[in-house]
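**Student:** Whatever this is, show me its structure:
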Amino acid sequence: MAKGEETVTVLLKAMQNGDSAAGEKLFAALYDELHRLARGYMRRERADHTLQPTALINEAFVRLAQNTPELSSRAHFVAVAATVMRRVLVDHARNRGAGIRGGGQQKFQLDENVVFSDERPRDILALNDGLDQLERVNARQARVVELRFFGGLSVEEIAGVLGIAPRSVKRDWALARVWLHKEIGRS
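**Tutor:** Residues are numbered from 1 along each chain as shown. Alright, predicted model coming up:
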């Protein structure tokens, strides 16, 4: 385990044991990575989005601090942070009243470099709904999509977080993409 990974693991354990100073140190240690993740999310959002990457990070960290799950590593923390950031953006889109989908569906490509249309709140909600449906069919595939697409984790990092082989991650990613394209296209 690398020195930085050891530090993060120690801080995670301390934070879970109620050490608020450890939470602040963890935030500082992972800030650049979280900011990269948030920038990736925000690139997929509309240009006039009212959330900025820093606000997205802060909101996600506040939610994490209020309900700290059992976390075992840097990759696990980033995976959980990705999930929380997804929820923040979905909540934000819903609050904007963009949850109604209908005719004139916008096509978007599900890959790491996705660029949403001008109807970005609809797209994020459609993808979120699709992931929710996929989770009922195959929870692991839904988690792979969330970690890869939203979390920006590599195949190897996802394999480590989920405790599966990288080959399984690649297979789940490919199958989930096909499933989501079909399901979202029906909406």
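**Student:** Which residues are in contact with the spatially most central residue of the chain?
**Tutor:** The centroid of the chain falls nearest to residue 82 when counting by CA atoms, centre = their mean (2.8 Å). Contacts for residue 82 (CB atoms under 8 Å, 6 or more residues apart in numbering) come out as 37, 146, 147, 150, 151, 152, 153. C-beta: built from backbone N, CA, C; applies to glycine.
**Student:** how about the fifth one, what does it touch?
**Tutor:** Translated: residue 151. For residue 151, the contact set (CB under 8 Å, 6+ apart) comprises 37, 78, 79, 81, 82, 83.
**Student:** so of those residues, which ones are in helices?
**Tutor:** 37, 78, 79, 81, 82, 83 (DSSP state H).
**Student:** Please tabulate those in a markdown table, including the columns pLDDT and distance to residue 96.
**Tutor:** Output for the ones in helices among the contacts of residue 151, formatted as a markdown table (pLDDT from 0 to 100; distance: CB to CB, whole Å):
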| residue | pLDDT | distance to residue 96 |
| --- | --- | --- |
| 37 | 78 | 22 |
| 78 | 80 | 27 |
| 79 | 82 | 27 |
| 81 | 85 | 23 |
| 82 | 83 | 21 |
| 83 | 85 | 21 |
